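[1] what's the 3D shape of this:
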Amino acid sequence: MTADQKDQYLEQVKATLEHKREVIVSELQRIPEEILTLKHLSQESDADKLSYQTMIATYRKRYNDLQHLHPSPYFNSCLIKFDGEKDFRELYFSKFAFDQENIYSWASPISQIRFEVPGAFMVRSHGGEQGGEIIKKDQYLINDGKILFLSTESQIAARELIYQEYFSSRKTAFVLPEIVAQMEKAQDQVIRSSFGGKLVVTGPAGSGKTTLALHRVAYLLQSPETADQVSDGEVIVFVQDESTRDYFSHLLPELGIRDVEITTLAAWAKNILPLVDWTITEHETDAEASYVWAKVQGLRAQQSLEWQTDWFKLLQAVYGDYLDQAGHARLMVQKNNKQLDRLDLAVLLRAIAGIDNGFQIEKDYYSLVGKTKELKRKKGKFKADYKLMIIDEFQNYLPEHLAIFSQAVNAKIGEMVYIGDFNQRVRLGTVNNLSGIGGELPAERLVQLSKVYRNTKEILTYLKELGFDVVVPEMIKSGPRVEELILTPAEELEYVTEKLMELKEVSVGILSHNEELLKTYQQQFSQYSNVKVMSLIDSQGVEFDAVFLVGVDGELLSVNGLPVELHAEVSHIKKDLLYIALTRAMNSLYVLGRQHLYLS
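    So this is what the prediction gives:
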């Protein structure tokens, strides 16, 4: 196309976009009126109250979907002609469907054509095969109703850039549309694979494995192929900590997922175990490695466990022969403080599963009560029987934890999706190979990602030079060079303070293995809304535009005073923690401390 033709085409596309946004606004204005009408009808009819409530819930979901759709109505469009039809159709593909404007959800069977080149296509679904011809295909990046990127290709012309506005990858509002729009055909096929059994997604930090798994959830819940097999209330997602839970709770609605349970092992266990006023301790210091390892050995020596009301006696029976004097004293401290750790949860959950014939979970449910048949929310105990379970960072769970989780999944049609990376293990005794998930895993159910989307060429090259086993893809974004400086603690704090003046508009992570140093930084930058200060282990699962690894010293990777069998394991975990910290940076990485970083 000539420059004038490109301008003309862009104006046509803008007009189409504006029209569709206006129709969406009109629908957003209409839906509240419909909901109000249904509420009035519900009050007038006791017999149909439940039906009206269901319709209201459907309208509210549609309203939420359209609210998300309005800023970015679609990311692909295809001009096609189906076999046997005379007329052409322009189909648009997006995060959500809007039928009256030919906008289809990415989860619909027809949306698979967006990965095909112009020409003949064939789409397979449970309804059979449907063929046709793609005449033209466009790709967009739209944010707040503004076209930031537009390309087109057709049967007679190769792909051509029509318009591209400069934008920074640092703007978080663009992240999800880009991920959905740039999904590769192979990833889309994984997402659409048959339902049931085990599915494992592994890959290095920044490879998009978690995103892929969450799209799997969205697909299963929204696709006409599978929506009748699993519902939101039958899905559970296990995450590592509360910060990741908060992150997922904001991300999932962008994919149309609103009623899925997102939880941690500790929170889930609290809902099952009949214990009062107890807490979970997540923190494991180097000094506690021998204690933790002894408890692992005690747990694995037990073939069966019987529940006892006195949970401390049960733990003593399991660990007793494996703890030394200091270990027994540490267990008594736990008793006095009413503290449990991840090993204790494995013991108690295994034991209680035997008496309850499965895990009993407290859940909310709705019931029609009284003469007016009002819909009231109640609480009750139900057997855990999930249709879909997602386990994020599965390499950080004990094999016993994974076995416990599997008992809560529907044995006939349930699916377990494991997401993780064996190079990011941060706990002792956790699974270190695929045998840890138990059972057979067909080759087609193991997805191994290798392409890294998060980090720059400079960051990955730095990791490779340090000695980490990473691949630096040929086609990868570039960024600033990694800054590695030898500084005193005072100079380090001053340097970070100065740099933050340049990084006001982006997300920043300040990470360290030194807890006292972290307290200093938390106090110094508590008023900075874009800055998060956290330990290396807490940084797993999050990402920042810029990362400062501070307080680098000899203690970062050193392992002292541990038995031979533990030394290698703890050393491996420390290197994994360092890898995690360095790969949190999407654009800029600063490594600061009293010595240069190196792997022993």
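[2] and stretch 339-346, what's buried?
    Residues Leu340, Asp341, Arg342, Leu343, Asp344, Leu345, Ala346 are the ones in stretch 339-346 that count as buried (16 or more other C-beta atoms under 10 Å). Backbone N, C-alpha and C define where each C-beta goes, glycine included.
[3] ugh, typo on my part, it should be stretch 518-535
    Result for stretch 518-535 [16+ other C-beta under 10 Å]: buried residues Leu518, Thr520, Tyr521, Gln524, Phe525, Val531, Lys532, Val533, Met534, Ser535.
[4] how about stretch 280-295?
    Within stretch 280-295, the residues that qualify as buried are Ile280, Glu282, Glu284, Asp286, Glu288, Ala289, Ser290, Tyr291, Val292, Trp293, Ala294, Lys295, counting by 16+ other C-beta under 10 Å.
[5] which residues touch that stretch?
    Contact with stretch 280-295 is made by 241, 266, 269-270, 319, 322-324, 326-327, 330, 334, 339-345, 427-429, 559, 562-563, 565-566, 570, as judged by C-beta atoms under 8 Å, 6 or more residues apart in numbering.
[6] in strands only, show me these.
    Mapping these onto strands (DSSP state E) picks out Gln339, Leu340.
[7] quick one, which of the contacts of stretch 280-295 are buried?
    Of those, these count as buried by 16+ other C-beta under 10 Å: 241, 266, 269-270, 319, 322-323, 327, 330, 334, 340-345, 427-429, 559, 562, 566, 570.
[8] burial of Ile361, as a residue count?
    Ile361 has 18 neighbours, counted by other C-beta atoms under 10 Å.
[9] Thr281 versus the nearest residue to it once chain neighbours are set aside, what's the distance?
    In space, and not counting its chain neighbours, Ile361 is closest to Ala384: 4.8 Å by C-beta to C-beta, 6 or more residues apart in numbering. The gap separating Ala384 from Thr281 is 24 Å, by C-beta to C-beta, to the nearest Å.
[10] same question for Ile486.
    Counting by C-beta to C-beta, the separation of Ile486 from Thr281 is 36 Å.
[11] now the strand or helix carrying Lys574: buried residues?
    Lys574 belongs to helix 564-582 when elements are defined using DSSP states H and E. Within helix 564-582, the residues scored as buried using 16+ other C-beta under 10 Å are 566, 569-571, 573-582.
[12] wait, a strand at Leu199?
    Yes. Counting by DSSP: H, G, I helix; E, B strand; the rest coil, Leu199 is located in a strand.
[13] that one - how many residues pack around it?
    Around Leu199 there are 24 other residues, counting by other C-beta under 10 Å.
[14] same question for His328.
    Residues within reach of His328, counting by other C-beta under 10 Å, total 13.
[15] chain neighbours aside, what residue packs nearest to it?
    Gly320 (7.8 Å).
[16] what's the spacing between that neighbour and Leu273?
    According to C-beta to C-beta, Gly320 and Leu273 sit 21 Å apart.
[17] and stretch 147-156, C-alpha only, in CSV?
    C-alpha atoms of stretch 147-156 as CSV (Å, rounded to 0.1, in the frame of the first residue of the first chain):
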residue,chain,number,x,y,z
ILE,A,147,-5.4,1.9,17.9
LEU,A,148,-1.7,1.5,18.8
PHE,A,149,-0.8,-1.1,16.2
LEU,A,150,-2.4,-2.4,13.0
SER,A,151,-1.2,-4.8,10.4
THR,A,152,-3.0,-6.5,7.5
GLU,A,153,-2.4,-9.4,5.2
SER,A,154,-4.4,-11.1,2.4
GLN,A,155,-4.3,-13.7,-0.3
ILE,A,156,-2.8,-11.2,-2.7
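[18] check Leu41 and give its pLDDT.
    In this model, Leu41 is scored at 84, pLDDT.
[19] contact partners for it?
    Contacts of Leu41 (C-beta under 8 Å, 6+ apart): Asp48, Tyr52.
[20] that one belongs to a helix?
    Yes. If the criterion is three-state DSSP, then Leu41 is within a helix.
[21] so where's the stretch 151-300 of the chain shaky on pLDDT?
    Flagging of the stretch 151-300 of the chain using pLDDT under 70 yields the residue ranges 166-184.
[22] which stretches in it count as helices?
    Secondary structure of the stretch 151-300 of the chain (DSSP state H, counting those that start in this stretch): helices at 175-181, 185-191, 209-222, 242-251, 265-270, 289-300.
[23] dump the ones you listed to TSV, plus distance to Asn64.
    Below are the helices of the stretch 151-300 of the chain laid out as TSV (distance: least, C-beta to C-beta, whole Å):
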stretch	distance to Asn64
helix 175-181	15
helix 185-191	22
helix 209-222	13
helix 242-251	14
helix 265-270	25
helix 289-300	44
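[24] point out the most buried one among these.
    helix 209-222 (a mean of 22; mean count of other C-beta atoms under 10 Å).
[25] chain center to that one: distance?
    Chain-centre distance of helix 209-222: 9 Å, with C-alpha atoms, centre = their mean, to the nearest Å.
[26] quick check: end-to-end length of stretch 476-489?
    End-to-end distance for stretch 476-489: 34 Å, by C-alpha to C-alpha, to the nearest Å.
[27] from the chain's centroid, how far away is it?
    Centroid separation for stretch 476-489 versus its chain: 28 Å, with C-alpha atoms, centre = their mean.
[28] again, but for stretch 441-451
    In terms of C-alpha atoms, centre = their mean, the centre of stretch 441-451 is found 18 Å from the chain centre.
[29] buried residues in it?
    Within stretch 441-451, the residues scored as buried using 16+ other C-beta under 10 Å are Leu441, Arg445, Val447, Leu449.
[30] just after the helix or strand encompassing Glu22, pick out the following helix or strand.
    In this assignment (DSSP H and E), Glu22 forms part of helix 3-44. Once the chain leaves helix 3-44, the next helix or strand it forms, by DSSP H and E, is helix 49-69.
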